[in-house]
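Engineer: let me see the structure of the following:
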Amino acid sequence: MPAETTPPTYGRGKGAGRSRKDSSGSDPLEAIRVQPHSIEAEEGLLASCLIDGGREVLTDCIEAKILPEFFFKTSHQELYGALLALYETGDPIDEILLIEHLKKEGKDEEVGGIAAIYGIQDRIETAAHARYFAKIVHEKYLLRRLIRTSREAIEACYVQQEDISVFIEKIEEDIHMISSGRVTEGAVPIKESLNRAVTNIHALLNDIDQVEGVMSGFRDLDGMTYGFHPGQMIVLAARPSVGKTSLAMNFAEHAIIPNGGRQPSGVLVFSLEMTAADLAMRLICSRARVDMKRIRDRVASSQDQREIAQAVKELEQAPLWIDDASSSTILDLRAKARRIDTKHRLGLVVIDYLQLLRGSDPRAPREQQIAEISRGVKGMAKELNVPVVVLSQLNRESERESRDPRLSDLRESGSIEQDADVVMILHRPKKRDEEDAVQDTGMVGDVEQIKLIIAKQRNGPIGDVDLSFIRRYTRFENFQR
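Structural biologist: Residues are numbered from 1 along each chain as shown. The predicted structure follows:
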């Protein structure tokens, strides 16, 4: 057992936090401490791979993303790396083939030769406990990684010069990568990307609902986008009071309510404009198809109340989280989303809306702050591997010129237009006069025809989609003539 250490002395004088270091600048405790590891578990896992012939056990290890650096002992890293190389050939694996491969690489003496391999193989008699060994090896590696990350964070605190929010975000991101058991990955072989692409192609050809991502719930929109895909930044823009929030909540509702055998996806909504209670009330009335005005006027019928009760029953079990904290930065949002995703896997994030987010540096020009926020939204989508729908305001140019809105009408549009994978613009044609109102807006009774313009899509067509907006329920539905 390592010796107990004295409590840290942060802030107790000029030498706080560094009093245990000797004159050479090194921590004497580090010299006697051995980082967490289990040689027995490492040998047990390697032996399991050899006994099994390198098929099932190594397949499990690869699926669990066990890498050579997960092993503490250098010779074990080399042995595991050689086993992975032999696995790629597709041939059975044994100790003779393993040592021959190591000889070709000039690493046979580094691992101790054939005697060391036989010694490891004789450690166990069966590969039955391979997953237990793999779990220990993985956990010990994560502890070592946490020690290294913590040490780097401590050292960085002494020389920290950048904005404190950005600094804390970087440290929190490193910790999150450890807690989720992931390693920062660089380039991946094309084979991995091809496998995912082929899976999506088969899903598209057979059943659109099985495509990787979240479907919007709108027939014509899904026909053009094939749903919202992980890592995408989807911008939904409109002028005020056209229905951005309503449409976004309809997306969320479709994702969280199971339908036709489809499993619900976790949704996190950041509402910087409306309170969580107001958003929940709108969601209930929309789901129940009850006019909110009837509730406020206290004239709701018993049927309305039954529909509301049924909607509440459905929604209270749904994997939906609403954060209505105002005056947030994109760093705050990324940290909150990361924490929830760690406990409950998210399938969609909604931000309402982008222009209400603060930049990390309030002194910077607003255009520069929007660029930082836009990059942060895209970074969050890629980091969490979820689609992020972010609402945005349009400027008044399209109204002044009496035309359909376009990409350049996005307020502070440069970086948003560049970072977004999909840009959708809600447009309600302007009324000219009472006689032309029905023809111009598509309004029939309480149902209004709204145009959804897909102005940008990296991996698909652009064009217009018609939606029906039921004003009394603040709800969008598939358009029907």
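Engineer: skip the chain neighbours and tell me the closest residue to Asp341.
Structural biologist: Leu384 (5.2 Å; C-beta to C-beta, 6 or more residues apart in numbering). Heads up, the C-betas are built off the backbone N, CA and C, glycines and all.
Engineer: for that neighbour, give me its contacts.
Structural biologist: Counting by C-beta atoms under 8 Å, 6 or more residues apart in numbering, Leu384 touches Ala337, Arg338, Asp341, Leu346, Val349.
Engineer: mind redoing it with 7 Å?
Structural biologist: Ala337, Arg338, Asp341, Leu346 (C-beta atoms under 7 Å, 6 or more residues apart in numbering).
Engineer: cool, and Arg334?
Structural biologist: Glu169, Gly376, Met380.
Engineer: likewise for Met233?
Structural biologist: Met233 neighbours (C-beta under 7 Å, 6+ apart): Val377, Lys378, Ala381, Val388, Val390, Asp419, Ala420, Asp421.
Engineer: do that again at 10 Å, thanks
Structural biologist: Residues counted as contacts of Met233 (C-beta atoms under 10 Å, 6 or more residues apart in numbering) are 349, 351, 374-375, 377-382, 387-390, 416, 419-423.
Engineer: next one: it from Asp466, what distance?
Structural biologist: 25 Å (C-beta to C-beta, to the nearest Å).
Engineer: same thing with Leu333?
Structural biologist: As judged by C-beta to C-beta, Leu333 and Asp466 stand 32 Å apart.
Engineer: out of those two, which sits in the busier spot?
Structural biologist: More neighbours surround Leu333 than the other of Leu333 and Asp466, with 24 against 15 (other C-beta atoms under 10 Å).
Engineer: okay, the more buried one: pLDDT?
Structural biologist: On pLDDT, Leu333 comes in at 84.
Engineer: quick one: the helices in the stretch 301-450 of the chain, in order.
Structural biologist: Ranges of helices within the stretch 301-450 of the chain are 302-316, 330-343, 366-384, 397-400, 413-419, 437-441, based on DSSP state H, counting those that start in this stretch.
Engineer: pull the residues that contact the first one.
Structural biologist: Residues from elsewhere that reach helix 302-316 (C-beta under 10 Å, 6+ apart): 253, 256-258, 280-281, 283-291, 294-295, 300-301.
Engineer: which among those residues count as buried?
Structural biologist: Buried by 16 or more other C-beta atoms under 10 Å: 253, 256-257, 280-281, 283-288, 290-291, 295, 300, out of those.
Engineer: can you give me the strands in the stretch 201-350 of the chain?
Structural biologist: For the stretch 201-350 of the chain, the strands defined by DSSP state E, counting those that start in this stretch cover 233-238, 266-271, 320-323, 346-352.
Engineer: among the ones you listed, which is nearest Ala82?
Structural biologist: strand 346-352 (38.5 Å; C-beta to C-beta).
Engineer: Met281: what's it in contact with?
Structural biologist: Met274, Thr275, Met292, Ile295, Arg296, Ile308.
Engineer: which one of those is nearest to Arg358?
Structural biologist: Looking across the contacts of Met281 and measuring by C-beta to C-beta, the closest to Arg358 is Met274, at 17.8 Å.
Engineer: ok, and the helix or strand in the chain with the lowest average confidence?
Structural biologist: helix 437-441 (a mean of 46; mean pLDDT, DSSP states H and E).
Engineer: contacting residues for Gly44?
Structural biologist: Ser38, Ile120, Arg123, Ile124, Ala127, His129, Ala130, Tyr132, Phe133, Ala134, Ile136, Val137.
Engineer: how much space between it and Tyr141?
Structural biologist: 15 Å.
Engineer: what of Glu477?
Structural biologist: For Glu477, the distance to Tyr141 - C-beta to C-beta - is 51 Å.
Engineer: same thing with Asn250?
Structural biologist: Asn250 is 44 Å from Tyr141, by C-beta to C-beta.
Engineer: where does Ile93 land in three-state SS?
Structural biologist: State at Ile93, reduced to three classes by DSSP: H, G, I helix; E, B strand; the rest coil: coil.
Engineer: so what's it up against?
Structural biologist: 49-50, 52-55, 57-58, 82-83, 86-87, 101.
Engineer: ditto for Gln418
Structural biologist: Ala371, Ser374, Arg375, Lys378, Lys456.
Engineer: hmm, try it at 8 Å
Structural biologist: Ser374.
Engineer: closest to Asn195 among the contacts of Met281?
Structural biologist: Met274 (41.8 Å).
Engineer: Ala134: how many residues sit nearby?
Structural biologist: 22.
Engineer: quick one: low-confidence parts of the stretch 101-250 of the chain?
Structural biologist: Within the stretch 101-250 of the chain, the ranges that satisfy pLDDT under 70 run 161-162, 176-177, 179-188, 191-193, 196, 199-212.
Engineer: let me see the ranges of the helices in it.
Structural biologist: 113-121, 130-159, 164-179, 190-206, 219-225, 244-256.
Engineer: hmm, who's touching the last one?
Structural biologist: This points to helix 244-256. 214-218, 228, 236-238, 264-267, 269, 273-274, 279, 282-283, 286-287, 315, 318-320, 347-348, 350, 352-353, 389, 391, 426, 452, 467, 469, 474-476.
Engineer: buried only: go through the residues you listed for me.
Structural biologist: Using 16+ other C-beta under 10 Å, the buried ones in the contacts of helix 244-256 are 214-218, 228, 236-238, 264-267, 269, 274, 279, 282-283, 286-287, 315, 318-320, 347-348, 350, 352-353, 389, 391, 426, 452, 467, 469, 474-476.
Engineer: follow-up on the earlier one: determine which two of the contacts of Leu384 are furthest apart.
Structural biologist: Arg338 and Leu346 (9.7 Å).
Engineer: summarise which helices and strands the longest strand that the chain contains is packed against.
Structural biologist: Criterion DSSP state E: the longest strand present in the chain is strand 447-457. If contacts are counted by 3 or more C-beta pairs under 8 Å, 6 or more residues apart in numbering; DSSP states H and E, strand 447-457 sits against helix 219-225, strand 422-427, strand 463-470.
Engineer: what mean pLDDT does the shortest one have?
Structural biologist: Across strand 422-427, the average pLDDT comes to 88.
Engineer: contact partners of that strand?
Structural biologist: Contacts of strand 422-427 (C-beta under 8 Å, 6+ apart): 225, 228, 232-238, 242-244, 247, 394, 398, 404-407, 409-410, 416-417, 450-458.
Engineer: could you dump the contacts of Ile93 into JSON lines and include distance to His76?
Structural biologist: Compiled in JSON lines, those are given as follows (distance: C-beta to C-beta, whole Å):
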{"residue": "Cys49", "distance to His76": "11"}
{"residue": "Leu50", "distance to His76": "13"}
{"residue": "Asp52", "distance to His76": "17"}
{"residue": "Gly53", "distance to His76": "19"}
{"residue": "Gly54", "distance to His76": "16"}
{"residue": "Arg55", "distance to His76": "20"}
{"residue": "Val57", "distance to His76": "15"}
{"residue": "Leu58", "distance to His76": "15"}
{"residue": "Ala82", "distance to His76": "11"}
{"residue": "Leu83", "distance to His76": "10"}
{"residue": "Leu86", "distance to His76": "16"}
{"residue": "Tyr87", "distance to His76": "16"}
{"residue": "His101", "distance to His76": "15"}
